[in-house]
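# quick check, what structure comes out for this input:
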Amino acid sequence: MDKMMALYYDKVGEYVRDMAIEGLYTMPSFRPDLVIENADGHPIAVVEVKSRLNLSTDVATEMRRNILERGLPVHIPYFLLLSQDIGYLWKESKRNGSEETPAYVFPMDKVIARYSKRASDRRLYETELSLLVLQWLTHLSTEALEASEEPEKTLALSGFSDSIKHAMVLIEEEL
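Just a heads-up that it's a prediction; the model follows:
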């Protein structure tokens, strides 16, 4: 029997590969958009960036569940799912809590306004948004940003800001 492969979209718009071969299908390994590591090289946070308009809590929870199924390690204290409009933070989540809703939700508009040189009413491409988030998280980890407005206020409240001080923000680092 020849290998048959089809690409289709799942409920949240992610590509899924489906092989119609007797048990030969293996789930692709998970490679996050960004990983934040401490000085010892241990991951503190995994960050996924999506350029999806109107990213709801339900869709974010489903996206996280799909990522858990693809191999997100459970020992990582923080998981962030960020869009141009909103951010979701799970803190010290357990793998068996795949339906767990985010512990914190915060707006991303002020980050976009601070770091984007383009009009804030324009949707950013996912690559642009990822680079913007990389710059923001790098500043958050290396500089003393005042937590007087969102989302820094929420991230400080959650303990995230303190946990990433002097950490490295890495692009598509394998876990």
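# return the set of buried residues in the helix or strand that contains Ile67.
Using DSSP states H and E, Ile67 sits within helix 57-69. Burial within helix 57-69, assessed by neighbour count using 16 or more other CB atoms under 10 Å, is assigned to Val59, Ala60, Thr61, Glu62, Met63, Arg64, Arg65, Asn66, Ile67, Leu68. From N, CA and C alone the C-beta is placed, and that goes for glycine too.
# quick one, what contacts the residue most central in space within the chain?
The residue lying closest to the centre of the chain (CA atoms, centre = their mean) is Glu48, at 2.0 Å. Residues near Glu48 by CB atoms under 8 Å, 6 or more residues apart in numbering: Pro32, Asp33, Leu34, Met63, Ile67, Phe79, Leu80, Leu81, Leu82.
# redo these as CSV? Include distance to Val105, secondary structure and pLDDT.
Compiled in CSV, the contacts of Glu48 are given as follows (distance: CB to CB, whole Å; DSSP: H, G, I helix; E, B strand; the rest coil; pLDDT from 0 to 100):
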residue, distance to Val105, secondary structure, pLDDT
Pro32, 20, coil, 95
Asp33, 19, coil, 96
Leu34, 19, strand, 98
Met63, 14, helix, 95
Ile67, 18, helix, 91
Phe79, 13, strand, 97
Leu80, 11, strand, 98
Leu81, 10, strand, 98
Leu82, 11, strand, 99
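# need the max-distance pair from those.
Leu34 and Met63 (15.1 Å; CB to CB).
# what helices or strands is the longest helix seen in the chain leaning on?
What stands out as the longest helix in the chain, according to DSSP state H, is helix 126-142. Helix 126-142 sits against strand 34-37, strand 43-49, helix 109-115, strand 168-171, with contacts defined as 3 or more CB pairs under 8 Å, 6 or more residues apart in numbering; DSSP states H and E.
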